[in-house]
Structures are given as structure tokens and as C-alpha cells.
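Chemist: I would like the atomic coordinates for the input below:
(one chain, ligands or ions: 2)
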Amino acid sequence: MLDLTGKNALVTGIANNRSIAWGIAQQLHQAGANLGVTFLPDERGRYEQKVRELVEPLAPSLFLPCDVQQPEQVTATFNTVQEKWGKLDVLIHCLAFASKEDLGGDFSRVSVDGFNLALDVSAYSLVSLCAAAKPLMTDGGSVVTLTYLGGARVVPNYNVMGIAKAALEMNVRYLAAELGAQNVRVNGISAGPIRTLASSAVGGILDMIHHVEAVAPLKRTVTQTEVGNAAAFLCSDLASGITGQILYVDSGYSIMGM
Ligand code: NAD
Ligand code: 0WE
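Modeler: Ligands and ions are numbered 1, 2, ... in the order given. Modelled structure (predicted):
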């Protein structure tokens, strides 16, 4: 049985009720996990209030600001986890960002600042979060990150995010090799396209979704709940032999050649 009771799970990347991280948080909660939620703070605190109301039914025992570009916020987050929970069992990394101007046009025109921003937020952040989580994962554990096919194959307009996801997927393998010694598993879920805040801001996402509906073996896209179920599995003891892997939750789209 999929059982996460007694496990402390920190979930990053919830922005609204369409976020993949929201689908994951709900499935972890359903499996009995004790949740902590982090949010990206903004000047006006609008995000914070919305996310707080959204997650209330899951009764998170921690609710913390964490901008991964602010090292002191990362440190503070895990200091609080240490204080309030003592140990951490599950870390969900579900965030990405690139400048909108770098998600289209000629890839070669990406600026060094745009390149560094995408890789810092979307790939390096997994390393910094794992480094901070490592001393708290004293009873083994599971780290899950979200990736996309555009990190393994060329997807038009995904551009610098594809390079960031390629780095993220390699981070998964190097981190799995390091953390395996303390029975911490590190895996990625490669989700098919889903309408979320991040994807809806991208031109042509609806066309991509229609393409998946036409081509993928299951003839439909995947849902946040399906990704959440895969994440809950990877965090559970049912997946105790699985680490360093990228699990495709994409209606089978990636197996097709035409
Ligand atoms: P989303 O907009 O709901 O989530 C992105 C999250 O990243 C937001 O919660 C945002 O606050 C957070 N974030 C951005 N910059 C941050 C920073 N500096 N510090 C902390 N948090 C920051 O969109 P989503 O589609 O749910 O994206 C979640 C993950 O899923 C991303 O890694 C994305 O690449 C991946 N993914 C999305 C799709 C898709 O089609 N939606 C497909 C495959 C993978
Ligand atoms: O990883 C993603 C989205 C990542 C993303 C989206 C945005 C839009 C708003 C990162 N940064 C930003 N910055 C913004 O200002 N996906 C997998 C969804 C996605 O994005 C695409 C896709 C798909 C699918 C971009 C181009 C082509 C396909």
C-alpha cells in the first residue's frame, strides 16, 4: 500500500490551483504525509495569501517563504525544518524560471544573463536545496524534481529551458550517486505539457496540447493528479529500489517517432 504516514514532506513550487506542485501536495497529503509548503515571496505578499488559502485544507505544519535565488532564504527554510520537524523525509522540487524573451526565437541569441538565470533557478536550485536537506534526511528519504522532454530532445521555443532541464536531469544522477549512501533516493518526473501558470504564459501551449492529444498513445494529456500520484509512488517505500531515474508521465508521447 502507498503509505506516507509519519513522513515529513517539503513541497516547493505551488503558485495556484493549477500548479503541478499542488497536484503533488494533494496526493502526498492523501497518502498521509505531514506537509510543509514553501512559496515565492513577492513585494506585495499577494502570492503568499493566495497560496496560504489554497493549501489550508491540507493543514501544512510549515508555511515558509523560499526564493531559491536568495541563499539566506534557503538556509532559513531548512533551519526551520530542523527546528520544527527534526528530520526531513521528502523534498519536492517543482520550480523553473527563464526570461520570457528567451522562450522563443533563435536559441543562439540567448544572453549570458538569460542563460545564467534559467540555469540558476531551474537547475542549480536542486543542488542547493539538496545540500541543505542532506543533513536533515537522517532516516533515508526521497527527492523528486519535475522535468520536461525539452531537456532531452529539441522542442521548438523551449530553448534555454531545455538546457536547464538537461542540467537538472544530470543533477538528478549525480545527486542520486552522492545521497544513495544515506538511503536518500533522487528521481525526476518528466511530465507531458499541462496548462499551468508557467505554461500558459508561453505562446502555442494549446497547439502543443492538441498535438499530444493526436499523437500520444493515450490520446490525451496528463493531469496534475496523475503527476502527483507518480510523485507519491516515488516518495513511498514502494519505490525503494529506484534512484537516479527520469520517469515519464506523458501519456506515452515520448515513445513515438512520428
Ligand atoms: P507553476 O507556474 O505553477 O510553477 C512554477 C513555480 O516556480 C511557481 O510556484 C513559482 O513560484 C516557482 N518559482 C519560480 N521562480 C522561483 C524562485 N526563484 N524561487 C522559488 N520558486 C520559484 O508551473 P508548473 O507548470 O506547475 O511548473 C512546475 C514545474 O513543472 C517546473 O519545473 C516545470 O518546468 C515543470 N514542468 C511543467 C510542465 C507543464 O507543461 N506545465 C511540463 C513538464 C514539467
Ligand atoms: O517548464 C515549463 C515552463 C517553464 C517556464 C515558463 C515560463 C513562462 C513565463 C519557465 N519560465 C517562464 N518564464 C515566464 O516569464 N514547461 C515544461 C511548460 C512549457 O514551456 C514551454 C513549452 C512547455 C511545454 C515553452 C516553450 C515551448 C514549450
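Chemist: what about the strands in the protein?
Modeler: With DSSP state E applied, the chain shows strands at 8-11, 34-39, 62-65, 90-93, 141-147, 184-191, 246-249, listed in chain order.
Chemist: Make JSON lines out of those and add distance to residue 202, mean neighbour count and mean pLDDT.
Modeler: Placement of C-beta: from N, CA and C, glycine included. Putting these into JSON lines (distance: least, C-beta to C-beta, whole Å; neighbours: other C-beta atoms under 10 Å; pLDDT from 0 to 100) gives the following:
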{"stretch": "strand 8-11", "distance to residue 202": "23", "mean neighbour count": "27", "mean pLDDT": "99"}
{"stretch": "strand 34-39", "distance to residue 202": "22", "mean neighbour count": "24", "mean pLDDT": "98"}
{"stretch": "strand 62-65", "distance to residue 202": "26", "mean neighbour count": "17", "mean pLDDT": "98"}
{"stretch": "strand 90-93", "distance to residue 202": "20", "mean neighbour count": "28", "mean pLDDT": "99"}
{"stretch": "strand 141-147", "distance to residue 202": "16", "mean neighbour count": "27", "mean pLDDT": "99"}
{"stretch": "strand 184-191", "distance to residue 202": "15", "mean neighbour count": "25", "mean pLDDT": "99"}
{"stretch": "strand 246-249", "distance to residue 202": "20", "mean neighbour count": "20", "mean pLDDT": "99"}
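Chemist: what about the stretch 1-150 of the chain, any weak spots by pLDDT?
Modeler: For the stretch 1-150 of the chain, not a single residue meets the criterion pLDDT under 70.
Chemist: Check the separation of the first and last residues in stretch 137-146.
Modeler: Taking C-alpha to C-alpha, to the nearest Å, stretch 137-146 runs 20 Å from one end to the other.
Chemist: residues touching the residue nearest to residue 80 when sequence neighbours are not counted, list them.
Modeler: Excluding its sequence neighbours, the residue lying closest to residue 80 (C-beta to C-beta, 6 or more residues apart in numbering) is residue 64, at 6.0 Å. By C-beta atoms under 8 Å, 6 or more residues apart in numbering, the contact set of residue 64 is 36, 37, 38, 39, 76, 77, 80.
Chemist: swap the cut-off to 6 Å and go again
Modeler: Applying C-beta atoms under 6 Å, 6 or more residues apart in numbering to residue 64 gives the contacts 38, 77, 80.
Chemist: near ligand 2, which residues of the stretch 101-250 of the chain?
Modeler: Residues of the stretch 101-250 of the chain that fall close to ligand 2, judged by C-beta under 6 Å from any ligand atom: 103, 148, 155, 157, 158, 161, 193, 198, 199, 201, 202, 208.
Chemist: how many neighbours does the closest residue to residue 7 other than its chain neighbours have?
Modeler: Among residues not flanking residue 7 along the chain, residue 89 sits closest, at 4.0 Å (C-beta to C-beta, 6+ apart). Here the number of neighbours of residue 89 (other C-beta atoms under 10 Å) works out to 23.
Chemist: Then residue 204?
Modeler: So residue 204, with other C-beta under 10 Å, has 11 neighbours.
Chemist: rewinding a little: export the residues of the stretch 101-250 of the chain next to ligand 2 as a markdown table, with columns for neighbour count and distance to residue 246.
Modeler: Formatted as a markdown table, these follow (neighbours: other C-beta atoms under 10 Å; distance: C-beta to C-beta, whole Å):
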| residue | neighbour count | distance to residue 246 |
| --- | --- | --- |
| 103 | 19 | 22 |
| 148 | 24 | 10 |
| 155 | 16 | 15 |
| 157 | 17 | 22 |
| 158 | 22 | 16 |
| 161 | 25 | 16 |
| 193 | 23 | 16 |
| 198 | 20 | 19 |
| 199 | 16 | 19 |
| 201 | 10 | 25 |
| 202 | 16 | 22 |
| 208 | 18 | 20 |
